[in-house]
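Peer 1: Any chance you could fold what I've pasted below:
(one chain, ligands or ions: 1)
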Amino acid sequence: MQPTLNDIRGHVVVVMAPMGSGKGTIVTQALAKYPNLKHTISCTSREKRPGEVDGEQYHFVTIEKFNHMIEQGEFLEWATFAGNKYGTLKSEIVPRLVDCEVVIVEIELQGVEQLLKLLPRAHMTIVYIEAGGWEILRARACARAPMSDSELHARHERYLIEQLAKPIADVIIDNSGDLAYAHTQFDQVIQIAFSKCK
Ligand code: 5GP
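Peer 2: Modelled structure (predicted):
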């Protein structure tokens, strides 16, 4: 029988952060420090950026395939963000939560809202990473990978909505200057999550 959400014993650390906030670095460091910490790889219909590898940052799929996967019920949650679809596969997260593991998911607000309806609150910590205003974030993100004006516009719209939703987070991490402190704050979140899974 397939494991279901009723059987979960683990903990989800939900990371919500605008582009350019440095969330990738913070999450990567935590994964390197805690070998038992798990990380879901989402599916997306967006184009690969330079340096991205299928199966590492994302499972890159066509929009047709993504839509088919939605019909097949393969996603725990999914959303359209800045013109592309993104989704967390049930197969990436449910078995791990049933096995009492700590799992990091990096998702945007619509996905967070879906998880809030699906998962018991005691099994979930929501972290928002902030790192300054839009101009700073935009410059950081564009230095990593150039974006069209229309994509930037769409991401800006989402940024304005998401930053208003900050109060949804249990922990807000400030990554606007002191990177070491931001890492320490995230580290504490992970340690607490592990302590809840004993
Ligand atoms: P990016 O294109 O910059 O990699 O991601 C755009 C946004 O989609 C980010 O806020 C990222 O966290 C979010 N995202 C990535 N994977 C998922 C997912 O599986 N579900 C949802 N809802 N959002 C996701």
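Peer 1: biggest helix in the chain by residues?
Peer 2: helix 179-196 (DSSP state H).
Peer 1: any idea of the mean pLDDT for that helix?
Peer 2: Model confidence over helix 179-196, given as mean pLDDT, is 96.
Peer 1: Touching that helix from outside, list them.
Peer 2: Residues outside helix 179-196 that contact it (C-beta atoms under 8 Å, 6 or more residues apart in numbering) are 11, 13, 22, 25-27, 29-30, 33-34, 36-37, 102, 122-123, 125, 127, 129, 171, 173-175. In this view, the C-beta of every residue, glycine as well, is placed from N, C-alpha and C.
Peer 1: can you tell me which of these are in strands?
Peer 2: Among the contacts of helix 179-196, DSSP state E puts 11, 13, 102, 125, 127, 129, 171, 173-174 in strands.
Peer 1: Restricting to C-alpha, output the longest helix of the chain in PDB.
Peer 2: Output of helix 179-196 as PDB, limited to C-alpha atoms (Å, rounded to 0.1, in the frame of the first residue of the first chain):
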ATOM      1  CA  LEU A 179      25.900  35.500   5.600                       C
ATOM      2  CA  ALA A 180      27.400  33.600   8.600                       C
ATOM      3  CA  TYR A 181      24.600  34.700  10.800                       C
ATOM      4  CA  ALA A 182      22.000  33.700   8.200                       C
ATOM      5  CA  HIS A 183      23.600  30.200   8.100                       C
ATOM      6  CA  THR A 184      23.500  30.000  11.900                       C
ATOM      7  CA  GLN A 185      19.800  30.900  11.900                       C
ATOM      8  CA  PHE A 186      19.000  28.300   9.300                       C
ATOM      9  CA  ASP A 187      21.100  25.800  11.200                       C
ATOM     10  CA  GLN A 188      19.000  26.300  14.300                       C
ATOM     11  CA  VAL A 189      15.800  25.700  12.300                       C
ATOM     12  CA  ILE A 190      17.300  22.400  11.000                       C
ATOM     13  CA  GLN A 191      18.400  21.300  14.500                       C
ATOM     14  CA  ILE A 192      14.900  21.900  15.900                       C
ATOM     15  CA  ALA A 193      13.300  20.000  13.000                       C
ATOM     16  CA  PHE A 194      15.600  17.000  13.800                       C
ATOM     17  CA  SER A 195      14.700  17.200  17.500                       C
ATOM     18  CA  LYS A 196      11.000  16.900  16.600                       C
END
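Peer 1: what inclination does it have with respect to strand 124-130?
Peer 2: Calculated by axes from the mean of the first three to the mean of the last three C-alpha atoms, to 10 degrees, helix 179-196 forms an angle of 180 degrees with strand 124-130.
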